[in-house]
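Novice: When you get a sec, could you give me coordinates for this:
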Amino acid sequence: MSGHGEAQVMISAKSGPLKGVASVPGDKSISHRSLIFGAMAVGETRISGLLEGQDVIDTAKAMRAFGATVTRLGEGDWTVNGVGVGGFQEPADVIDCGNSGTGVRLIMGTMATTPISATFTGDASLRKRPMGRVTDPLSLFGTEAYGRKGGRLPMTVVGAADPVPVRYALPVASAQVKSAVLLAGLNAPGETVVIEREPTRDHSERMLIGFGADLHVEKTAEGHVITLKGRPELRPQTVAVPRDPSSAAFPVCAALITEGSDIRVPGVSQNLTRNGLYLTLVEMGALIDFENPREEGGEPVADLRVRFSPDMKGIEVPPERAPSMIDEYPILSVVASFAEGVTTMRGVKELRVKESDRIDAMARGLEACGVTLEEDEDTLIVHGMGAGGMPGGATCATHLDHRIAMSFLVAGMASKREITVDDGSPIVTSFPIFEGLMNGLGAAIRRG
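Specialist: Below you'll find the predicted structure:
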């Protein structure tokens, strides 16, 4: 059983060329934040292009539980009437964040400096994930948290009645932790400062400034020093959500490894803190053209043209690139399997604590499909088999992880024999139209 109902076996067989336009959903990170920041503003925020995956829907439900009015007007078109910074009411019931680590950690930060209590839970996957990396810095504000052994959900968070401002240096590169501390700092007096040694996705900083927060970033010898002045009145905004580069990664990578493919993927975010995969693919020899660069909703975007790339070579991926592509290593490991030579991915230990242990999940699944790999706690090395070289023919465990499921379904499009995933149901959390979109391009994905 998955956390989303009955387990759904899915099978991907070798497909013909992928052709057409892949209009992927809105960016998940920005969708979460647009709902949360809208709930903290005073007045009505309008959102277009919102990702309507289960993760984001769970965040919308949570914002309603905390007192905001959240309304769906049509496909991707939503409004949020916020309650202001510090205006959250105590929810009457447990907040279920489903599969979303981003949702639960950002929401914990948002309510951490308001004198209310809330209990959080999630699906089986989320209940295994560590929350201490967020609750530890939140405790510096005066927040208390009581959860299961190891800092796991279910967990009750008691907001600080008299919060104090915090200066916090991130021990690991994590946009979720950074954002949680900044959100908590909104309702603390004085200035809250977050220091990150390695830059992570900066959607929170961009959007907070857009909503009227007094925030500035300085590059110093310590790293990026982000200073936020507490207790602003956030102004409602009109947010156009760009298309998600993490979701776009799946049709892009499928086209690169599937013979004869030529697709377009319009309006994909090119935020420099999110584009590590695309830089890596180009370095490997991928045929990707970045057309019509422009700005939408405060984010740089471009239209991508992607063609079958039989001459890709394995490379050493710079470890400092990891924060800008941490969610894309599973699908990169699939592409690496169809490249010539060795692809080495270092600095990826964060993958061990995602929806699953993604290093282990990809290594075991790719080995079952005939690929040679090496791994340690912080490294994954893939020995490529060249275009069309993966034998396939395996059933791969997804461990309730949407990105693992989609990665192996993409692999099946170009492997010699079909690949089965034991449970594709978690895909709905981030990419609810994945199956239909890929089959519309020419994939051969079916349900078992």
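
Novice: got the domain boundaries for the chain?
Specialist: 10-26+242-447, 28-237 (automatic domain parsing).

Novice: would you list these in JSON lines and tack on mean neighbour count and mean pLDDT?
Specialist: The C-beta positions use only the backbone N, C-alpha and C, and glycine is treated the same way. As requested, those are arranged in JSON lines below (neighbours: other C-beta atoms under 10 Å; pLDDT from 0 to 100):
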{"stretch": "domain 10-26+242-447", "mean neighbour count": "21", "mean pLDDT": "95"}
{"stretch": "domain 28-237", "mean neighbour count": "20", "mean pLDDT": "96"}
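
Novice: can you give me the helices for this structure?
Specialist: Using DSSP state H, the helices of the chain run over 28-40, 54-65, 101-111, 132-139, 175-185, 203-210, 245-257, 276-284, 329-337, 358-368, 402-412, 434-441.

Novice: Among those helices, which comes closest to residue 95?
Specialist: helix 54-65 (5.0 Å; C-beta to C-beta).

Novice: related to what we said a few turns ago, as a markdown table, the helices of the chain with distance to residue 78 would be great.
Specialist: Below are the helices of the chain laid out as a markdown table (distance: least, C-beta to C-beta, whole Å):
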| stretch | distance to residue 78 |
| --- | --- |
| helix 28-40 | 8 |
| helix 54-65 | 7 |
| helix 101-111 | 15 |
| helix 132-139 | 26 |
| helix 175-185 | 20 |
| helix 203-210 | 15 |
| helix 245-257 | 18 |
| helix 276-284 | 28 |
| helix 329-337 | 29 |
| helix 358-368 | 30 |
| helix 402-412 | 22 |
| helix 434-441 | 21 |
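
Novice: From residue 426, how far off is residue 41?
Specialist: Separation of residue 41 from residue 426 (C-beta to C-beta, to the nearest Å): 31 Å.

Novice: what's near enough to touch residue 138?
Specialist: 108-109, 112, 145, 157, 180-181, 184 (C-beta atoms under 8 Å, 6 or more residues apart in numbering).

Novice: Looking at those residues, which is nearest residue 303?
Specialist: Nearest member of these to residue 303, counting by C-beta to C-beta, is residue 180, at 33.4 Å.

Novice: Pull up the gap between that closest one and residue 135, please.
Specialist: Separation of residue 180 from residue 135 (C-beta to C-beta): 9 Å.

Novice: Grab the nearest non-local neighbour of residue 389.
Specialist: residue 338 (6.6 Å; C-beta to C-beta, 6 or more residues apart in numbering).

Novice: so which of the contacts of residue 138 comes closest to residue 285?
Specialist: residue 180 (38.6 Å).

Novice: hang on, that closest one packs against residue 103?
Specialist: No - if you go by C-beta atoms under 8 Å, residue 180 and residue 103 don't touch, sitting 11.1 Å apart.

Novice: need the contact list for the closest residue to residue 269 other than its chain neighbours.
Specialist: Leaving aside its chain neighbours, residue 269 sits nearest to residue 242 (4.3 Å; criterion: C-beta to C-beta, 6+ apart). The contact partners of residue 242, by C-beta under 8 Å, 6+ apart, come to 26-27, 30, 49, 267-269, 296-297, 299, 301.

Novice: can we see that at 7 Å?
Specialist: 27, 30, 267, 269, 296-297, 299, 301 (C-beta atoms under 7 Å, 6 or more residues apart in numbering).

Novice: Likewise for residue 249?
Specialist: 277, 328, 331.

Novice: Can you name the residues that contact the second one?
Specialist: Contacts for residue 328 were tallied using C-beta under 7 Å, 6+ apart; they are 246, 249, 277.

Novice: Tabulate these (JSON lines), appending distance to residue 123.
Specialist: Below are these laid out as JSON lines (distance: C-beta to C-beta, whole Å):
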{"residue": "246", "distance to residue 123": "19"}
{"residue": "249", "distance to residue 123": "23"}
{"residue": "277", "distance to residue 123": "26"}
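
Novice: Can you pick out the most distant pair from the contacts of residue 242?
Specialist: Across those, no pair lies farther apart than 30 and 267, at 12.6 Å, counting by C-beta to C-beta.

Novice: The residue nearest to residue 269 and residue 371, how far apart?
Specialist: Taking C-beta to C-beta, one finds residue 242 at 33 Å from residue 371.

Novice: Just the CA trace of stretch 138-157, in PDB.
Specialist: The C-alpha trace of stretch 138-157 is given here as PDB (Å, rounded to 0.1, in the frame of the first residue of the first chain):
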ATOM      1  CA  LEU A 138      13.200  27.100  15.200                       C
ATOM      2  CA  SER A 139      13.800  26.400  18.900                       C
ATOM      3  CA  LEU A 140      16.200  29.300  18.900                       C
ATOM      4  CA  PHE A 141      13.200  31.600  18.500                       C
ATOM      5  CA  GLY A 142      11.600  30.000  21.500                       C
ATOM      6  CA  THR A 143       9.500  27.400  19.600                       C
ATOM      7  CA  GLU A 144       9.000  23.900  21.100                       C
ATOM      8  CA  ALA A 145       8.400  20.700  19.200                       C
ATOM      9  CA  TYR A 146       7.400  17.200  20.400                       C
ATOM     10  CA  GLY A 147       7.600  14.400  18.000                       C
ATOM     11  CA  ARG A 148       8.500  10.700  17.600                       C
ATOM     12  CA  LYS A 149      12.000   9.400  18.300                       C
ATOM     13  CA  GLY A 150      14.500  10.800  15.900                       C
ATOM     14  CA  GLY A 151      12.400  14.000  15.400                       C
ATOM     15  CA  ARG A 152       9.900  12.400  13.200                       C
ATOM     16  CA  LEU A 153       6.200  13.000  12.500                       C
ATOM     17  CA  PRO A 154       3.600  13.000  14.000                       C
ATOM     18  CA  MET A 155       4.900  16.200  15.700                       C
ATOM     19  CA  THR A 156       3.300  19.000  17.700                       C
ATOM     20  CA  VAL A 157       4.800  22.400  17.400                       C
END
